[in-house]
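Asks: build me a structure from this.
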Amino acid sequence: MNIIEPHIHMYSRTTDDYQAMYAAGIRVAVEPSFWLGSDRHYAGTFFDYFRLILEFETVRARRFGIDHYCAVSYNPKEAENRKLVDEVLAGMGEYLDHERCIAVGEIGFNNITDNEEYAFRRQLEIAMSKDMQVIVHLPHLNKPEGIRRSLKVIREVGFPENRIYLDHNTEDTMAQARQCDCYLGLTVYPYSKLTPRRVSAIVRQYGAEKLIVSGSADWGVSDPLALVKVIDFLKGDGHDEATIQKLVRATADEFYRHSPRWKPDFDLTPVDVSTFQR
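Replies: Sure thing, here's the model as predicted:
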């Protein structure tokens, strides 16, 4: 099965991870913008980062047989500095227009503050003006309030819910989430968020429609092969092939297909290391 990893932060991963992902059947990856481990203080550092993931990371992934796309945004974890938010958003257009950028994201809430809402609203408005899809980050803590306020902002802005990938849902958010028309993300981490067993239970209770599973691997204890482990568990837990295919490829493809730049290549092959590394 060719797998789409729809939310993963490869900036923080090694080339060994790319090799393991390819060997396990992952052929396409989408990298949303995120926090780098410490808050940035200058707009230029954001712009350098956007270019790095859009260009260098795309080339690096391709060498290992993986087609790499990006989403660009001002991440909510750093959104308390409104002045910097304004400076970055004023210069973000060229990166949103880049040939490898297929969405705005991830945006949303971290601590569920008014400053985070300011950045969230502004970026939804930018995405609407550019007719782009959006990846929304639900906060790690107080998720029920996070999803309530996220949906409130989305509806007040008037952004189409079916163009939102509302990520990091858990059992605490799924009842609210199923009341909206967003695509819904389930994130699998070894020690936080969801396990394959919990994903299986959520799918059984709420169905697989518009659900997207990701590993979202980053700096922390996370797993770039999380999707492979989810597939194995779901097979053993009685889910059929069509359901599994939706969760790890078809629905992500359906969501990102709104972008004319989304042309996933599942037939890339790794390049001999000797041709690019000296």
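Asks: what sits against V271?
Replies: Counting by C-beta atoms under 8 Å, 6 or more residues apart in numbering, V271 makes contact with R62, R63, F64. Quick note: C-beta positions are derived from backbone N, CA and C, even for glycine.
Asks: out of these, flag the one nearest to D114.
Replies: Set against D114, the nearest of those by C-beta to C-beta is R62 (41.1 Å).
Asks: quick check: the gap between the closest one and Y69.
Replies: Using C-beta to C-beta, to the nearest Å, R62 is found at 11 Å from Y69.
Asks: which one's more surrounded, these two?
Replies: Remark: of R62 and Y69, Y69 carries more neighbours, 27 against 16, as counted by other C-beta atoms under 10 Å.
Asks: what about the more buried one, distance to T58?
Replies: In this view, Y69 and T58 are 8 Å apart by C-beta to C-beta.
Asks: what's in contact with the helix or strand hosting D16?
Replies: D16 belongs to helix 15-24 when assigned by DSSP states H and E. Here helix 15-24 makes contact (C-beta under 8 Å, 6+ apart) with 3, 5, 10, 29, 60-61, 63-66, 217, 224-225, 228, 270.
Asks: now, which of these sits nearest P196?
Replies: V228 (9.9 Å).
Asks: quick one on the thing from earlier: what's the angle between the helix or strand just after the helix holding D16 and helix 15-24?
Replies: Using DSSP H and E, the helix or strand that follows helix 15-24 in sequence is strand 26-32. Computed by axes from the mean of the first three to the mean of the last three C-alpha atoms, to 10 degrees, the angle separating strand 26-32 from helix 15-24 equals 130 degrees.
Asks: average model confidence for whichever helix or strand comes after strand 26-32?
Replies: Counting by DSSP H and E, the next helix or strand C-terminal to strand 26-32 is helix 43-51. Averaging the model's pLDDT scores along helix 43-51 yields 98.
Asks: ok, stretch 12-21 next?
Replies: Per-residue scores along stretch 12-21 average to 96.
Asks: mind starting the numbering at 878 from now?
Replies: Sure, I'll start counting at 878 from here, so that last one is stretch 889-898.
Asks: can you map out the strands along the stretch 1028-1155 of the chain?
Replies: 1041-1046, 1060-1064, 1088-1091 (DSSP state E, counting those that start in this stretch).
Asks: out of those, which gets nearest to W1139?
Replies: Of all the strands of the stretch 1028-1155 of the chain, it is strand 1041-1046 that lies closest to W1139, at 12.7 Å by C-beta to C-beta.
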